[in-house]
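**Q** sequence first, then the predicted structure:
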Amino acid sequence: MGECGLRGGYVEVLNVDPKVFSHLQKMTSAKLCSTVLGQCAMDCVVKPPQPGEPSYDQWLEEKTAILDSLKDRARAVYKAYNSIDGIKCNPVQGSMYAFPRIEMPQKAIDKAKSLNQEADFFYAMELLENSGICVVPGSGFGQKPGTYHFRFIYF
């Protein structure tokens with residue numbers, strides 16, 4: 001569970017060997033730390049109102065509406081990308097990011113190489129310059145070599 005934009009999140013680890021847990025702690029400690037605001041937001045996420053508390057009904061109604069809206073947008077993004085020739089997108093789950101795979105023409109890949117750029121970076125810059133649409137190249141997220149993706153954020 002996390003709070004997008006606030007850089008807050010948590011992981012629950014159960015039944016893990018203490019040596020493995022020690023290494024997990026080292027790995028997470030090496031990453032950037034959440035801001036104080038992100039940490040406060042996560043406290044609210046992990047301790048929401050409980051049934052019988054005055055704010056519970058309002059909290060549940062708002063939470064349900066937000067999650068339903070996100071699900072609707074995720075389905076719309078998935079359907080829209082998969083309706084475009086040369087783009088394939090997996091169902092969007094668990095975040096507000098889609099990572100569509102793009103089929104890059106060899107000519108575009110060669111042009112990117114001639115500019116000393118990753119092909120997906122070239123695609124993202126062309127998309128921005130020609131349409132004003134801003135996406136993040138997938139090469140920054142460890143994509144499989146020879147494949148091309150971009151990250152699209154939908155709110």
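**A** Okay, I see it. Numbers count the residues shown, from 1 in each chain.

**Q** next secondary structure after the longest helix belonging to the chain?
**A** Identified as the longest helix of the chain according to DSSP state H is helix 56-82. Next helix or strand after helix 56-82 toward the C-terminus (DSSP states H and E): strand 87-88.

**Q** which strands or helices does that following strand pack on?
**A** helix 56-82, strand 101-102 (3 or more Cβ pairs under 8 Å, 6 or more residues apart in numbering; DSSP states H and E). (C-beta placed from N, C-alpha, C; glycine too.)

**Q** looking at those, which one is packed in the most?
**A** Per-stretch averages of neighbours, counted by mean count of other Cβ atoms under 10 Å, single out strand 101-102 among the helices and strands packed on strand 87-88, with a mean of 21.

**Q** and the next element down the chain from that one?
**A** Remark: after strand 101-102, the chain's next helix or strand is helix 106-114, criterion DSSP H and E.

**Q** buried set for the longest strand seen in the chain?
**A** The longest strand of the chain (DSSP state E) is strand 150-153. Residues of strand 150-153 classed as buried: 150-152 (neighbour count, 16 or more other Cβ atoms under 10 Å).

**Q** flag the shaky bits of this structure, pLDDT-wise.
**A** 1-5, 30-32 (pLDDT under 70).

**Q** swap the cut-off to 90 and go again
**A** 1-14, 16, 21-46, 66-67, 70, 92-97, 139-146, 153-155 (pLDDT under 90).

**Q** domain parsing for it?
**A** As assigned by automatic domain parsing, the chain contains the domains 8-47, 53-155.

**Q** start and end of the longest one, how far apart?
**A** For domain 53-155, the separation between the terminal residues is 30 Å (Cα to Cα, to the nearest Å).

**Q** picking up where we left off before, now render the buried residues of strand 150-153 as TSV, adding distance to Val92.
**A** Output for the buried residues of strand 150-153, formatted as TSV (distance: Cβ to Cβ, whole Å):
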residue	distance to Val92
Phe150	14
Arg151	11
Phe152	9
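
**Q** in space, what's closest to Tyr10 - neighbours in sequence excluded?
**A** Spatial nearest neighbour of Tyr10, excluding adjacent residues (Cβ to Cβ, 6 or more residues apart in numbering): Met42 at 5.9 Å.
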